[in-house]
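Chemist: below is the structure, and that's it, no one-letter string:
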């Protein structure tokens, strides 16, 4: 595999260093790219899993019980069950598998990881169906975000871990100049061997909405640096990660390594397996995506026990609207960002700051209320046709999201605000049981921080009336620094406002998108170029994928001797 | 400064990448290197500080009180007092100083840091006297470890922080291939600017025994990555860091930056300022060297609040003796390692594992007891002459060390062991009040873990009788993994034993020195080549200086826009 993938390793090292565009896996689900029968084959493979005990993990230690309670946000019960992992035996197997993996070295590990992701890519349609029917994402998004985009993030983590390890030479001769008693040169020479060792067993805790995209970076960052990985999926989004773990175990076995390097720890809903695992002494690294309460517990409790903890939790994604020379482009872009997956992306905008004096545009000046109405109109046009809307909105993933979507009138009433656009119920033509909601908008005054400084996950946006763009930017910086955010954006035709926005983003510690009016959206980041998260605000303590995400997952042990 | 030091930055980038020998500052205190009057001038500068209020920090915000209670381990009271830092004003000043420092960029910051260290180097003799009369180190060691070796570690941290930041390009154009509706190439192009931002204010908590050597890496790692630094010295070792902070503030001011980027927070003995500072919200990074109790509190409490915590605490430095073809060299080397600074180095050996069957040597087979007696003899020869011995031993730093030195007989009695060599009281010819102790050795059975699995800081070594070298290595790995160690060494003529020792060291997570018989000692590490600590065992959660030590001290904020 090292020979087969040597060229790939060169390519991804360079891509990571340049941070320009790089993608290994085509994002188009077109038959011309993935093959004429790929879509049908993937669907058939998905359907073959339904109502069965998952067979692809039979090598894992288990007590013989099976767990699984996935129900598609589109309605159907999946009926898949997974062998429960015997934790004592599983963690012992993970530890026992590590020395050979450690001694294989970073290049071999990286090549094996690339092979795993290549094989995962071949199952992209199968995984797309699994992602769709666990997260509620629409199909094309399930394919792209759950498939090639997630796979590119996996390769990015492999690249980051590889180059980080390669910065330490395997061996050097150290020669210190010196002279003997007669004054002749007599250097002291030592050989120093640097051995890379893993930290221990890594735990990756998956989330409901992006089962693969948010899990792969942690899985592959830990794996490429020599650690064994236990994957604990969200109990309602197991299948995409079960397939991924199956593939990893197959490839590891073929490459002569112990498949116990990657294991799936499925659980029943409410079992609390993440906490049980996080408290195990064998666990040295934890990657987590999910709600802020458990994330904060991990950051406090597990970190206090010396475990490395990488979290992505929740935040207040924020947009400052000042002015634009492309109103139509701006509204279309914003409407799409609000609509995609019903705002159930950790990167979807929530807080839109607009000055009370309104917004200058290429179509004339708009008052605060006119801007809100225009944005509502753009959302309405994008989501007005049910059959087309569901291809963007997908289905709501849980009751909290549905409650949030139902709450706009009461939020507006409590906050002396105005429902600019209510969240429309959309009927899915194919899935009658799916609860599909289009985005709604509530206008509130900037003083009502009680309303907009908590995450309202799902199809809810706040139009926040500020005294000025200056206040909008200050509020963005302050709220993000205090409460966190994954994304921020600004619209302005004024270079000084853009400069101030960059400062506000730096101050708040959040990445900034400026004047997006085309087919790039604030909620999307590109592997190898855009960092996902910054680690500089409470929304996430790390970023996909910078050096800090990988550098501490291994340690260096030197042995030195005279030569 | 950037122009003046551009060549140096190139040099240190390359040195860090190659990890071969590199030193910027000559380690010899010879007049030929540092100038004919350097030693006398440094002594005079030191003496000018005594019994005065330290004037070099007059720009710091203070409430007007002065603190200071340093007493030389050699006897004299220093009588220096330092302006107490007004914490509210000092931390506010530190924060206010950061944006300009942040925006200066990594190269400028690195050049300024190099200039600071160059200027510190010019005060090496003054600092050597300050280190000697706070730590109790002998003079030449105070010069080397407190001066050029510490300065080389500072430069290493600058290099590590510099290259880590330079891995992120300042700006890229990202071009994603695509086609327009007519099928013609229509790439999406975006400019992405990556802005490096510091985490916040960094706290460096110094220790008594190596005030500069253990503080500089944290200070310069934080500074070069854009953070402001508050230096909180050990209350009994303030002067060396006061001088260092004074120099840093001078250079920062000359370079047009706010001197509040580096501030000294001196305290009276027992004031508990480290805890007060560690709990401040403004603090984002903490570097600590010192006792394990407070270190563990920091790791738990501060880490739980999202602060980055780098610690070096205590451990069981271990040596496995199997066999040698240079008995004289081995004994001399071991005796020196035990003797230097009376074992008060965090890297000094404590646990020496010897098989009950004895040791094969080039002078024939030695039984366990014979080996112990030969080692005792070597220590005795090295420390037998008081006047010469004090130049290696220095003075004991505190009562705990003196108590440990007095405890050999009771340890032996409690543990059914044998005092192989008692810790001899040495009279310092120049300082009658100095308590100087030569190393002692107690032989105990491997079963008596109660005795040797805790750190017994100072001139105490344990000769641990094992069933075999195999057991010695297993015990090394187990005790280090559980209790930590900064160093380990092995002596063997058998390649398979050396291989097994490398595995045991990897297992325990500790660096290994093999068959040292000359002028390289297990307790010494070379900047740019040897990592100090591994971060892989409980003695220290980090290493000087790897990527993990610097990569998380800054974050990256992207701003992107179409071009």
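Modeler: Received the coordinates, thanks. Predicted model, so just to flag it, every value in this text is computed and none were measured.
Chemist: what number of residues lie near residue A:17?
Modeler: 14 (other Cβ atoms under 10 Å in any protein chain shown). In this view, the C-beta of every residue, glycine as well, is placed from N, C-alpha and C.
Chemist: check residue A:122 too.
Modeler: Based on other Cβ under 10 Å, the number of other residues close to residue A:122 is 14.
Chemist: and what of residue A:185?
Modeler: Residue A:185, neighbours per other Cβ under 10 Å, totals 8.
Chemist: what bridges to it?
Modeler: With DSSP bridges as the criterion, residue A:185 is bridged to residue A:179.
Chemist: show the residue spans covered by the helices in the stretch 51-200 of chain A.
Modeler: All helices of the stretch 51-200 of chain A, identified by DSSP state H, counting those that start in this stretch, fall at A:87-122, A:124-135, A:139-146, A:148-166.
Chemist: check what pLDDT the residue lying closest to residue A:167 once chain neighbours are set aside gets.
Modeler: Nearest residue to residue A:167, sequence neighbours excluded (Cβ to Cβ, 6 or more residues apart in numbering or on different chains): residue B:547, at 6.3 Å. For residue B:547, the model assigns a pLDDT of 97.
Chemist: correct me, but residue B:547 touches residue A:553?
Modeler: No. Contact criterion Cβ atoms under 8 Å: residue B:547 and residue A:553 do not qualify, at 11.0 Å.
Chemist: neighbour count winner among these two?
Modeler: residue A:553 (28 against 24).
Chemist: ok, for the more buried one, nearest residue in space, not its chain neighbours?
Modeler: residue A:225 is the one closest to residue A:553 (Cβ to Cβ, 6+ apart), at 4.1 Å.
Chemist: ok, the one you found - contacts?
Modeler: Neighbouring residues of residue A:225 by Cβ atoms under 8 Å, 6 or more residues apart in numbering or on different chains: A:106, A:109, A:161, A:164-165, A:196, A:198, A:550, A:553-554.
Chemist: could I get these in TSV, plus columns for pLDDT and distance to residue B:373?
Modeler: TSV is the format used below for these (pLDDT from 0 to 100; distance: Cβ to Cβ, whole Å):
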residue	pLDDT	distance to residue B:373
A:106	98	47
A:109	98	49
A:161	98	51
A:164	97	49
A:165	98	46
A:196	97	41
A:198	97	43
A:550	98	51
A:553	98	47
A:554	98	43
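Chemist: can you count the residues close to residue A:325?
Modeler: That count, for residue A:325 with other Cβ under 10 Å as the rule, works out to 15.
Chemist: please report how far it lies from residue B:193.
Modeler: 21 Å (Cβ to Cβ, to the nearest Å).
Chemist: now swap in residue A:521 and tell me
Modeler: 19 Å.
Chemist: which strands and helices sit next to the worst-scoring helix or strand of chain A on mean pLDDT?
Modeler: Least confident element among the helices and strands of chain A, by mean pLDDT, DSSP states H and E: helix A:303-304 (a mean of 75). On a contact count with 3 or more Cβ pairs under 8 Å, 6 or more residues apart in numbering or on different chains; DSSP states H and E, helix A:303-304 meets helix B:303-304.
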